[in-house]
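>>> Attaching a predicted model along with its sequence, questions to come.
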Amino acid sequence: MSAAFNLQQAAVIGAGTMGRGIVISLANAGIPVLWLDNNPQMLEQGLKMIEDTWAQNVAKGRIEQGEASLRLARVQTVADYAALAQADLVIEAVYENLELKQKIFRALDEVLKPGAILASNTSALDIDAIAAVTRRPESVLGLHFFSPAHIMKLLEIVRGAKTAPAVLEAALALGQRIGKVSVVAGNCDGFIGNRMLHTYVKEARMLLLEGALPAQVDGALQQFGFAMGPFRMYDVVGIDLEWRARELAGKGQDDPAVQVDNRLCGLGRFGQKSGMGYYRYAPGSREAQPDAEVDRLVEAVSAQLGFPRRAVSDAEIRARCLLALVNEGAKILEENIAANSHDIDLVYLNGYGFPADKGGPMAWADGDGVATILDRLRTLQMQFGEHWQPAALIERLAAAGKRFADVKEGNL
């Protein structure tokens, strides 16, 4: 850790999938962890899961039994906030609900010692709105781990408007200590990764309504080199996560783009975990089998929404999904949410399965040439409307004959 911040004791709040992965990451790196969840049964199940994970590592010869025992001994479950009083760093990892997170941060603010760092593992929520309920907003930041947190390499470190530079430094040092690829992001809806992902999956979903089918969209993007296409990805993470988030927020459920998802969730097709999602899965198998029932459902939703279906080429699928990523990435650069295009590429290579040989979305765009990207965006704007308007930064770079790689800290 940085000289200014000595991490002797961490704490994690939440014993769901995310909390478990974060606890494993910390304990693996030799950091003692206090673990709190308001449901004792969840904590018990969490402890069993982390113990099993280390037992499997021993069985596979990755670590010695003695090391597994040491790691488990670093984890201590606690029953209340008062037990966290001496923690140097607390990471909240409960589900995405702003009011709940604010309630937790108010409670932490009451009990934590001065100088402690308060972090939220949010994937999209406003860090400033979380920090604002404390008397120490300078000590608050986002630590967005990717699931499963003990396996995925990416850590998005989100700076709030008042986050102290020393707190950011300490977070970067923590990322290094636990073996993560850390990228600092500014505070906006979705930060770097999920903000860009939103535009990418929106195009994928619209392509279904216009004439494509899930296996074609995924196939076209996997052919480009993605580890998996967007619909396979949704099956793996659970289609119901966003569906439930929209329900909780009370907005977004009427967007035409999500109607196929809504119908799938209404049928209990939540993805791999329920054996059916966009694809069908044989019991105990992770192999995605295209499902004619889903294809019929896509066609029915298309018709209900008044979309005339047409033949969609693989080239169009790749162009729309990739250019949506690049255009949003340019806006993120322009707004100084990311320090440079390389950081955006790191997020996409380490968190979203972008093909490593392409270098990331911004490096891929630089390879094609920003002027070419601008022409392609203008063509899409004429065909599909104003949401394809090229980012102002793309116009400027093309006019100057520059690349995304030439942009530093928002300056061309």
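Good, I have the coordinates.
>>> Now do stretch 340-349: distance to the chain's middle.
13 Å (C-alpha atoms, centre = their mean, to the nearest Å).
>>> And stretch 10-25, by the same measure?
16 Å.
>>> Just the buried residues of it, please?
Of the residues in stretch 10-25, those with enough neighbours to count as buried (16 or more other C-beta atoms under 10 Å) are 10-16, 18-25. Backbone N, C-alpha and C define where each C-beta goes, glycine included.
>>> Would you mind measuring the gap between the ends of that stretch?
11 Å (C-alpha to C-alpha, to the nearest Å).
>>> again with stretch 27-34
OK, stretch 27-34 end separation, C-alpha to C-alpha: 10 Å.
>>> How about stretch 86-101?
20 Å.
>>> of the buried residues of stretch 10-25, closest to Tyr95?
For those, the minimum distance to Tyr95 (C-beta to C-beta) is 7.1 Å, reached by Gly16.
>>> Just the ones of the buried residues of stretch 10-25 in strands?
Within the buried residues of stretch 10-25, residues falling in strands by DSSP state E are Ala10, Ala11, Val12, Ile13.
>>> Including distance to Thr122, could these go into TSV?
Converted to TSV, these look like this (distance: C-beta to C-beta, whole Å):
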residue	distance to Thr122
Ala10	18
Ala11	17
Val12	14
Ile13	13
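>>> ok, back up a step: can you name the two of the buried residues of stretch 10-25 that are farthest apart?
Farthest pair in these, by C-beta to C-beta: Ala10 and Gly16, 17.4 Å.
>>> So what's the residue count around Thr53?
Thr53 has 18 neighbouring residues, counting by other C-beta atoms under 10 Å.
>>> Just to check, it is in contact with Ala27?
No - if you go by C-beta atoms under 8 Å, Thr53 and Ala27 don't touch, sitting 10.2 Å apart.
>>> any idea how far the nearest residue to Leu333 once chain neighbours are set aside lies from Phe354?
Closest residue in space to Leu333, ignoring its immediate chain neighbours: Val407 at 5.4 Å, by C-beta to C-beta, 6 or more residues apart in numbering. Distance of Val407 to Phe354, given as C-beta to C-beta, to the nearest Å: 19 Å.
>>> Name the helix or strand for the nearest residue in space to His144 that is not next to it in sequence, please.
Nearest non-adjacent residue to His144, counting by C-beta to C-beta, 6+ apart: Glu156, 3.9 Å away. Element membership of Glu156 [criterion: DSSP states H and E] is strand 154-159.
>>> That strand pairs with which strands, parallel or anti?
strand 140-145 (antiparallel), strand 181-185 (parallel) (DSSP bridges).
>>> Not counting the last one itself, show me its contacts.
Right, the one you point to is strand 181-185. Residues outside strand 181-185 that contact it (C-beta atoms under 8 Å, 6 or more residues apart in numbering) are 142, 144, 153-159, 168, 171-172, 175-176, 191-192, 337-339, 343, 346-347, 350.
>>> List buried residues within those residues.
For the contacts of strand 181-185, buried by 16+ other C-beta under 10 Å: 142, 144, 154-159, 168, 171-172, 175, 191-192, 337-339, 343, 346-347, 350.
>>> now the helices for the stretch 201-350 of the chain?
214-224, 230-237, 240-249, 259-266, 292-304, 314-334, 341-351 (DSSP state H, counting those that start in this stretch).
>>> Select, out of those, the one closest to Asp126.
That would be helix 240-249 among these, by C-beta to C-beta, at 12.8 Å.
>>> Output the contacting helices and strands for the closest one.
helix 259-266 (3 or more C-beta pairs under 8 Å, 6 or more residues apart in numbering; DSSP states H and E).
>>> Relative to the whole chain's centre, how far out is the helix it packs on?
The mean C-alpha position of helix 259-266 is separated from the chain mean by 22 Å, C-alpha atoms, centre = their mean.
>>> Would you check that Ile63 makes contact with Asn57?
Yes - the criterion here is C-beta under 8 Å, and Ile63 meets it with Asn57 at 4.8 Å.
>>> hmm, who's touching stretch 205-225?
Contacts for stretch 205-225 (C-beta under 8 Å, 6+ apart): 204, 228-232, 256-261, 278-279, 290, 294-295, 298, 301-302, 305, 307, 309-312, 314, 316-318, 320-322, 354-355, 357-358.
>>> Please indicate which of those are buried?
By 16+ other C-beta under 10 Å, these give 204, 228-232, 257-261, 278-279, 294-295, 298, 301-302, 307, 312, 316-318, 320-322, 354-355, 358 as buried.
>>> Run through this protein and note the low-pLDDT ranges.
1-4, 409-412 (pLDDT under 70).
>>> residues near the residue nearest to Gln65 when sequence neighbours are not counted, how many?
Once flanking residues are discounted, Gln65 sits nearest to Val58: 5.3 Å by C-beta to C-beta, 6+ apart. Using other C-beta under 10 Å, Val58 has 15 neighbouring residues.
>>> contacting residues for Val58?
Taking C-beta under 8 Å, 6+ apart, one finds Glu64, Gln65, Ala68 in contact with Val58.
>>> if we look at the strand holding Glu156, which residues are touching it?
Here strand 154-159 has contacts from 122, 127, 141-146, 168, 171-172, 175, 178, 180-187, 191-193, 346-347, 350-351, using C-beta under 8 Å, 6+ apart.
>>> any idea how far Gln76 is from the closest residue in space to Ala171 that isn't next to it in sequence?
Distance criterion C-beta to C-beta, 6+ apart; nearest residue to Ala171, sequence neighbours excluded, is Ile157 at 4.7 Å. Distance from Ile157 to Gln76, counting by C-beta to C-beta: 26 Å.
>>> and what of Gly21?
18 Å.
>>> And for Leu325?
42 Å.
>>> Could you check which of the two is surrounded by more residues?
The neighbour comparison of Leu325 against Gln76 (other C-beta under 10 Å) goes to Leu325, with 24 against 12.
>>> what about the residue nearest to that one when sequence neighbours are not counted, how many residues close to it?
Using C-beta to C-beta, 6+ apart and skipping the chain neighbours, the partner closest in space to Leu325 is Pro361 (4.5 Å). By other C-beta under 10 Å, 28 other residues sit near Pro361.
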